[in-house]
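Asker: prediction below, plus the sequence it came from.
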Amino acid sequence: MRVRPATLAALLLTALAAAGCGPLDATQSGGVQAEPVELLSVLPSPDSLRGEPARAADPAALQLAFTGSADPELAEIVALRDPAAAGVRTWSDPSGATLTAAASVWGSHLTATGVGSDLATRLVGEGGAAWTPSSIPASRGARLDQDGRRELRLAYSVGPNSFYVRATGDIPEEIVTRTLDRMITVQRGAGG
């Protein structure tokens, strides 16, 4: 028995729609909205890093978490994308290395995915390289290690939620990927 590609595609689309497994077009959310502060609050402090509790973030605070320095133009772009909710949590070690995790909820899966991709591209534009760790194959990231500056950025979206981790200094890649993976796992455990 031979199945035509158009028939197979229609069956797959019907199965996905019936299962509620993600967005059917670019404007749909494709999942359950995260509770950003709650999600970030369950993350343990990695290794020797210590930090403050998770907190809600407005567009300017979210932009600062994304890039590490104030950028009013980028903060305005974030505000125009209109996040429904956002939270940030930051850790540091005595040497000054930092790890920042941000969770944000957007109007669609497309926007949530684009947020991380756009920010990784910005680091590539500063001389960094694209980075997709094998342990999180659908993630979008970049890393920079030059002229005494080391930074890692990694993002992943689940439904309308964007999860983003940025590290500076000597934070190992494994801590960045483990932090992002925990955020993904918590959200998927919450149904979405």
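Answerer: On my side now, so go ahead. Numbering: from 1, shown residues only.

Asker: beta partners for Arg149?
Answerer: Beta-bridge partners for Arg149, by DSSP bridges, are Gln146.

Asker: number of nearby residues for it?
Answerer: 12 (other C-beta atoms under 10 Å). C-beta here means a position set from N, CA and C on the backbone, and glycine is covered the same way.

Asker: please tell me how far it sits from Ala86.
Answerer: Distance from Arg149 to Ala86, counting by C-beta to C-beta, to the nearest Å: 26 Å.

Asker: now do stretch 98-118, average pLDDT.
Answerer: For stretch 98-118, the mean pLDDT works out to 93.

Asker: low-confidence stretches in the chain?
Answerer: Low-confidence segments of the chain, defined by pLDDT under 70: 1-29, 192.

Asker: going by residue numbers, what spans are strands in it?
Answerer: 50-51, 55-56, 85-92, 98-105, 129-131, 140-146, 149-158, 161-168 (DSSP state E).

Asker: reformat those strands as CSV; add distance to Phe66.
Answerer: Output for the strands of the chain, formatted as CSV (distance: least, C-beta to C-beta, whole Å):
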stretch, distance to Phe66
strand 50-51, 17
strand 55-56, 15
strand 85-92, 9
strand 98-105, 7
strand 129-131, 16
strand 140-146, 12
strand 149-158, 8
strand 161-168, 6
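
Asker: any idea which of those gets closest to Gly189?
Answerer: strand 149-158 (10.8 Å; C-beta to C-beta).

Asker: now do the closest one and strand 140-146, the angle between them.
Answerer: 180 degrees (axes from the mean of the first three to the mean of the last three C-alpha atoms, to 10 degrees).

Asker: return the set of buried residues in strand 149-158.
Answerer: Neighbour counts over strand 149-158 (16 or more other C-beta atoms under 10 Å) mark 151-158 as buried.

Asker: closest to Val42 among these?
Answerer: Of the buried residues of strand 149-158, the one sitting nearest to Val42 (C-beta to C-beta) turns out to be Val158, at 15.2 Å.
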